[in-house]
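S.K.: Coordinates only, no sequence provided:
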């Protein structure tokens with residue numbers, strides 16, 4: 001096996017996918033071209049994606065339909081998350097398959113509707129922080145808070161968005177299947193929108209109203225698959241400290257210890273850059289020697305070769321490709 005070949009988990013931001021089906025198709029085609037270029041280099045790719053705008057829009061549409069017509073049933077929030085995985089996965093796998101065919105790459109792309117186990121006692125359920133849906137003005141947010149009981153939070157100077165609980169991912173239910181697909185050479189789209197959050201009850205798994213951060217779930221998946229690299233694609237080319245201030249500075253490469261220090265200083269905004277940096281830390285701390293990168297979609301190929309983005313590494317020396325391990329702990333759906 002080529003030791004330069006990497007197993008890469010790519011986390012694609014939901015905001016980069018557009019806000020309408022037509023816009024999403026256009027955006028996804030652009031993303032697919034860049035991801036296909038990574039595949040053309042021989043890398044094994046596993047793709048996670050956000051669904052913040054999409055799941056919020058689906059939820060709002062289903063709520064409107066349920067309250068405006070006598071025959072439309074109420075749709076629970078976990079089911080809205082499953083819908084978003086389906087239609088984003090459909091667009092992404094279709095576009096990526098076409099981009100691969102143009103490059104004469106005989107790879108198959110598959111989407112996995114993915115459940116992720118969370119803890120019902122997670123403190124996140126008492127403190128919603130995950131932005132979903134569209135951006136609103138302060139006045140619009142105030143009105144919706146009164147009408148719907150939603151909670152809103154200002155999002156990095158871009159407006160106000162509804163926030164929901166964002167519990168930590170504990171286990172990926174479909175991990176065994178995803179692992180086998182990766183081993184067989186498929187390009188796998190998984191943990192869409194962070195995965196459908198489920199809790200374990202006496203009679204089995206049940207969905208719960210929440211959105212798991214897609215970067216945290218992608219990091220969890222990267223750890224379980226022993227990936228060489230976690231590549232988080234977002235709206236900016238690099239991570240900055242003193243963001244939007246006169247002394248703003250881009251970070252090219254930082255250690256895990258430096259990243260922790262910046263977090264303690266409050267350098268990264270909650271709900272935007274902070275969870276991305278934390279997801280990178282989870283990955284490099286769990287697998288010393290691996291590398292995590294945060295950059296824009298456009299800069300992904302350059303970032304992969306160290307020419308763009310922000311690289312976060314542990315203090316230990318980076319090592320080459322490791323074969324896929326089959327003995328990593330997974331959630332056993334048949335366990336008693």
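M.R.: Arrived safely, thanks for sending. Predicted, not measured: the structure shown is a model, and the values here were computed from it.

S.K.: Need phi/psi at the residue nearest to residue 252 when sequence neighbours are not counted.
M.R.: Once flanking residues are discounted, residue 252 sits nearest to residue 310: 6.6 Å by C-beta to C-beta, 6 or more residues apart in numbering. Every residue, glycine included, has its C-beta placed from N, CA and C. Per-residue torsions, residue 310: phi -110, psi 120 (degrees, to the nearest 10).

S.K.: Would you confirm that residue 310 contacts residue 236?
M.R.: No - using C-beta atoms under 8 Å, residue 310 is not in contact with residue 236, being 9.3 Å away.

S.K.: more crowded one of these two?
M.R.: residue 310 (25 against 17; other C-beta atoms under 10 Å).

S.K.: Look up the residues forming beta bridges with the more buried one.
M.R.: Note on residue 310: beta-bridge partners by DSSP bridges are residue 294.

S.K.: Quickly note the distance from it to residue 276.
M.R.: In this structure, residue 310 and residue 276 are 10 Å apart, going by C-beta to C-beta, to the nearest Å.

S.K.: Tell me the helices and strands packed up against the helix ranked longest in the chain.
M.R.: Counting residues, the longest helix found in the chain (DSSP state H) is helix 77-102. Packing partners of helix 77-102 (3 or more C-beta pairs under 8 Å, 6 or more residues apart in numbering; DSSP states H and E): helix 21-40, strand 44-49, helix 52-68, strand 109-111, strand 187-189, strand 196-201, strand 204-207.

S.K.: can you redo the ones you listed as JSON lines with mean pLDDT?
M.R.: Below are those laid out as JSON lines (pLDDT from 0 to 100):
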{"stretch": "helix 21-40", "mean pLDDT": "91"}
{"stretch": "strand 44-49", "mean pLDDT": "97"}
{"stretch": "helix 52-68", "mean pLDDT": "81"}
{"stretch": "strand 109-111", "mean pLDDT": "97"}
{"stretch": "strand 187-189", "mean pLDDT": "98"}
{"stretch": "strand 196-201", "mean pLDDT": "97"}
{"stretch": "strand 204-207", "mean pLDDT": "96"}
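
S.K.: next SSE after the least confident helix or strand in the chain by mean pLDDT?
M.R.: The weakest-scoring helix or strand in the chain, judged by mean pLDDT, DSSP states H and E, is strand 130-136 (a mean of 78). As assigned by DSSP states H and E, the chain's next helix or strand after strand 130-136 is helix 138-148.

S.K.: list the buried ones in that following helix?
M.R.: Residues of helix 138-148 classed as buried by neighbour count (16 or more other C-beta atoms under 10 Å): 141, 144.

S.K.: re the thing from before, tell me, what's touching residue 310 and residue 276 both at once?
M.R.: 239, 294 (C-beta atoms under 8 Å, 6 or more residues apart in numbering).

S.K.: Could you pull out the residues contacting both of residue 310 and residue 236?
M.R.: Jointly contacting residue 310 and residue 236 under the rule C-beta under 8 Å, 6+ apart are residue 295.

S.K.: Against residue 32, how distant is residue 62?
M.R.: 28 Å.

S.K.: Please read the previous query as pertaining to residue 287.
M.R.: Remark: distance between residue 287 and residue 32 (C-beta to C-beta) = 28 Å.

S.K.: ditto for residue 44
M.R.: Residue 44 sits 17 Å away from residue 32, going by C-beta to C-beta.

S.K.: follow-up on the earlier one: what lines up beside the least confident helix or strand of the chain in the sheet?
M.R.: strand 160-164 (antiparallel).

S.K.: what comes up buried for the strand it pairs with?
M.R.: In strand 160-164, counting by 16+ other C-beta under 10 Å, buried: 160-164.
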